[in-house]
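Asks: Build me a model from this:
(2 chains)
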Protein chains: 2
Amino acid sequence: MTTPQRLQGIFSPVLTPFNADSSPDADRFVRHCRWLLEQDVGLAVFGTNSEANSLTLGEKRRLLDALLEAGLPAARMMPGTGACALPDTIELTKRAVQAGCGGVLMLPPFYYKGVSDEGLYRAFAGVIDGVADARLRIYLYHIPPVSGVPIPLSLIERLLKAYPGTIAGVKDSSGDWNNTKAMLERFQPQGFDVFAGSENFLLANMRGGGAGCITATGNVNPSAIVQLYRTWRNGDADVQQRKLDEQRAAFAKFPMIAAMKAAIALKTGRQDWLNVRPPLVELDAGQQQALGRALDAVGFEMPNASALA
Amino acid sequence: MTTPQRLQGIFSPVLTPFNADSSPDADRFVRHCRWLLEQDVGLAVFGTNSEANSLTLGEKRRLLDALLEAGLPAARMMPGTGACALPDTIELTKRAVQAGCGGVLMLPPFYYKGVSDEGLYRAFAGVIDGVADARLRIYLYHIPPVSGVPIPLSLIERLLKAYPGTIAGVKDSSGDWNNTKAMLERFQPQGFDVFAGSENFLLANMRGGGAGCITATGNVNPSAIVQLYRTWRNGDADVQQRKLDEQRAAFAKFPMIAAMKAAIALKTGRQDWLNVRPPLVELDAGQQQALGRALDAVGFEMPNASALA
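Replies: Numbering: from 1, shown residues only, chains lettered A, B, ... in the order given. Next up, the predicted model:
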């Protein structure tokens, strides 16, 4: 039994490619993951941008198995494992830990809203106790605009005290820099790694002592984002940040997940990259053209996109 | 193959009893369901108040099987089958239809917020096409305060047009009478059965031509609610409604699901009725006492509660 290294750098909630019949396409998934790793982007598979909650537990297990069977390094994986039903969360988390994943990104149970800190504490504690493995590293997934269930600072404090080492960090997708800042100040010095929820806050997060970012657009713009991560102390860091912001904004004019898939379809010529599962909808032809123009306008490129074709 | 009868009357999102180890207690579940049926309350098992989204698909299948094996009538069942992942929704819905359930209560996929009508349409259409069984009767579950994903009137209109007969009705848990009223006026005349989401709107819903209500407190106050349903044309209906409102309000002073379980624990002496799954939390001793006093103050009784002990 080995203790996983602390994760850091740029991670991407890996897009899940679907076939025409809406089944996950494991082959394209593996190739996309390999392409990301080659650009030094870690694999936060089964995140919000992966349409993970639109996948069954069995589908997620099979996709994770496909990555492992393809020889991709589990140490660079941070699969999303949080579900509404704790036994589901425990099952997928166990599998990830046994496979050697560097960590897991964990949503709170997200059906009930306005639940108490005590209830959320019991949920995370129940998973930790249920998995019962010293290798477990949990990154809390704070994304109230989507989950509807925030993870307050008071809860992090309590969890860190009860499960030091196991509670390894957070992805802060609140979009509220003051919240990220508070986490950096209060918890990062305790070895709790704060990942910004998008590259918009990457430079600020690094300057605040954070660990990196986990970002949707890591799927399509990996090298430029990694470049800022590597060189954030350089004089041109603010210029790099503005460029990243501009490129992200071109995607954000459209529904984000569908737009990233459309960008890959555009750059590879593979129309099946457009596919999403309901309740999401793929970009229509007009939107695809508008996206193409918006990406051209900001000088967006995808080096070696042919590997995804 | 027989066509199910249209469901009407009072239904309860049946509480799910848990053992000390947090596993579902099928024995108590069956007895609770039988007790409800004896009081003419139908079984909307796997609803919000059932903590259904805290159960795995396998747990729901086993609980449904337990009811069927106990000989309870599937025609009086309206299990909740809507999940975030469409293949999960299809699997449980298929099982319910094959078992002869009178209908299913279907949440939209509820992780992503702000999704389009088109995306929600595809989600429901995907389930209907995936189940592919003429016996399917879907009751749409509109509960935006919890799910975060409303089912707008425009979507109901489109679904009704595309799948007449299959789209059988709605549970409106918006808490917004104007929305229920609009559904009654626009869709009930087309044979789309509108169920109020709580007994607070039972009388108004019956006067508006609705089909009944599906209500949390049906779990604990079944006979009084059924009495109003049976006699809503009588002169004392408004008095009955006020009494029901008063009794519900006694529960609503506390977290509702935990309070109903605590009431059953109180009336039966079975402490394991208190158990809930995270992220919910059971009432503490002080809350249990306060609940007891609040229930006494409104003359709340549970006839034949010993059947649940």
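Asks: Compute the first-to-last residue distance for stretch A:273-289.
Replies: From the first residue to the last, stretch A:273-289 extends over 15 Å; the measure is CA to CA, to the nearest Å.
Asks: er, stretch A:301-309 I mean
Replies: Stretch A:301-309: ends 15 Å apart by CA to CA.
Asks: ok, A:His261 - contacts?
Replies: No His there; residue A:261 is Lys. For A:Lys261, the contact set (CB atoms under 8 Å, 6 or more residues apart in numbering or on different chains) comprises A:Leu15, A:Pro17, A:Trp273, A:Leu274, A:Asn275, A:Val276, A:Glu282, A:Leu283. Where C-beta positions appear, they are placed from N, C-alpha and C, glycine not excepted.
Asks: Highest neighbour count among the residues you listed?
Replies: Ranked by the number of neighbours (other CB atoms under 10 Å in any protein chain shown), the contacts of A:Lys261 place A:Leu15 first, at 27 neighbours.
Asks: Now do the contacts for that one.
Replies: Residues touching A:Leu15, when contacts are defined by CB under 8 Å, 6+ apart, comprise A:His32, A:Asn49, A:Ser50, A:Asn219, A:Ile257, A:Met260, A:Lys261, A:Ile264.
Asks: ok, so what distance separates it from A:Gly218?
Replies: With distances taken as CB to CB, to the nearest Å, A:Leu15 is found 10 Å from A:Gly218.
Asks: Spell out which parts of the stretch 201-309 of chain A neighbour chain B.
Replies: With CB under 8 Å from any CB of the partner chain as the criterion, the stretch 201-309 of chain A comes near chain B at residues A:Arg277, A:Pro278, A:Pro279, A:Leu280, A:Val281.
Asks: If we use 6 Å, what do you get?
Replies: If contacts are counted using CB under 6 Å from any CB of the partner chain, the residues of the stretch 201-309 of chain A sitting beside chain B are A:Pro278, A:Pro279, A:Leu280, A:Val281.
Asks: and the residues you listed, which are buried?
Replies: If you count burial by 16 or more other CB atoms under 10 Å in any protein chain shown, the buried members of those come out as A:Pro278, A:Pro279, A:Leu280, A:Val281.
Asks: For the second one, report the pLDDT, please.
Replies: Spelled out, it's A:Pro279. In the predicted model, A:Pro279 carries a pLDDT score of 98.
Asks: Hmm, B:Ala123 and it touching each other?
Replies: Yes. A:Pro279 is within contact range of B:Ala123, at 4.9 Å (criterion: CB atoms under 6 Å).
Asks: shared neighbours of the two, anything?
Replies: With CB atoms under 6 Å, 6 or more residues apart in numbering or on different chains applied, the overlap between the contact sets of A:Pro279 and B:Ala123 consists of B:Pro109.
Asks: Buried residues, stretch A:40-59. List them.
Replies: A:40-57, A:59.
Asks: Quick check: A:Gly209 vs A:Pro79, distance?
Replies: In this structure, A:Gly209 and A:Pro79 are separated by 26 Å, where distance is defined by CB to CB.
Asks: wait, A:Phe254
Replies: Distance, A:Phe254 to A:Pro79, using CB to CB: 27 Å.
Asks: These two: which is more packed in?
Replies: Neighbours of A:Phe254 and A:Pro79, each counted by other CB under 10 Å, are more numerous for A:Pro79; the result is 28 against 18.
Asks: I'd like to know how far that one sits from A:Leu63.
Replies: 9 Å.
Asks: For the stretch 1-150 of chain A, which residues are neighbours of chain B?
Replies: Within reach of chain B by CB under 6 Å from any CB, the stretch 1-150 of chain A has these residues: A:53-56, A:84-85, A:87-88, A:109, A:111-112, A:115-116, A:118-120, A:122-123, A:126, A:148.
Asks: Any of the residues you listed buried? List them.
Replies: Neighbour-count burial (16+ other CB under 10 Å) applied to these gives A:53-56, A:84-85, A:87-88, A:109, A:111-112, A:115, A:119-120, A:122-123, A:126, A:148.
Asks: Just the ones in helices from those residues, please.
Replies: When DSSP state H is applied, these are split such that A:Pro87, A:Asp88, A:Gly119, A:Leu120, A:Arg122, A:Ala123, A:Gly126 fall in helices.
Asks: What is the nearest of the contacts of A:Leu15 to B:Leu228?
Replies: Set against B:Leu228, the nearest of the contacts of A:Leu15 by CB to CB is A:Ile257 (46.8 Å).
Asks: Low-confidence regions, chain A specifically.
Replies: A:1-4 (pLDDT under 70).
Asks: all strands of it, in order?
Replies: A:9-12, A:41-43, A:104-106, A:138-142, A:167-172, A:193-196, A:212-214 (DSSP state E).
Asks: Distance from the longest one to the middle of the chain?
Replies: Its chain's average C-alpha position is 12 Å from that of strand A:167-172, according to CA atoms, centre = their mean, to the nearest Å.
Asks: Touching that strand from outside, list them.
Replies: By CB under 6 Å, 6+ apart, the residues outside strand A:167-172 that reach it are A:103, A:105, A:137-142, A:159-160, A:180, A:183, A:192-195, A:197, A:214.
Asks: Would you mind measuring the gap between the ends of stretch A:67-78?
Replies: Using CA to CA, the gap from the first to the last residue of stretch A:67-78 comes to 12 Å.
Asks: go on, stretch A:179-194?
Replies: OK, stretch A:179-194 end separation, CA to CA: 11 Å.
Asks: what's in contact with that stretch?
Replies: Residues external to stretch A:179-194 that are found in contact with it (CB under 6 Å, 6+ apart): A:Leu153, A:Gly169, A:Val170, A:Asp172, A:Gly208, A:Gly209, A:Gly210, A:Ala211.
Asks: Scan the residues you listed and report the most crowded one.
Replies: Most surrounded of those: other CB under 10 Å gives A:Val170, at 31 neighbours.
Asks: With adjacent residues omitted, what lies nearest to that one?
Replies: The spatially closest residue to A:Val170, leaving aside those adjacent along the chain, is A:Leu140, at 4.5 Å (CB to CB, 6 or more residues apart in numbering or on different chains).
Asks: Just list whatever residues bridge to that neighbour.
Replies: When bridges are called by DSSP bridges, A:Leu140 pairs up with A:Met106, A:Val170.
Asks: Neighbours of it, how many?
Replies: Counted with other CB under 10 Å, the burial measure for A:Leu140 works out to 24 neighbours.
Asks: Hmm, A:Pro152 and it touching each other?
Replies: No. Counting by CB under 6 Å, no contact exists between A:Leu140 and A:Pro152, whose distance comes to 10.6 Å.
Asks: Can you tell me which of the ones in helices among the buried ones among the residues of the stretch 1-150 of chain A next to chain B lies closest to A:Arg248?
Replies: Each of these was checked against A:Arg248 using CB to CB; the closest is A:Leu120, at 30.1 Å.
Asks: how many neighbours does A:Gly130 have?
Replies: When counting by other CB under 10 Å, one arrives at 16 neighbours for A:Gly130.
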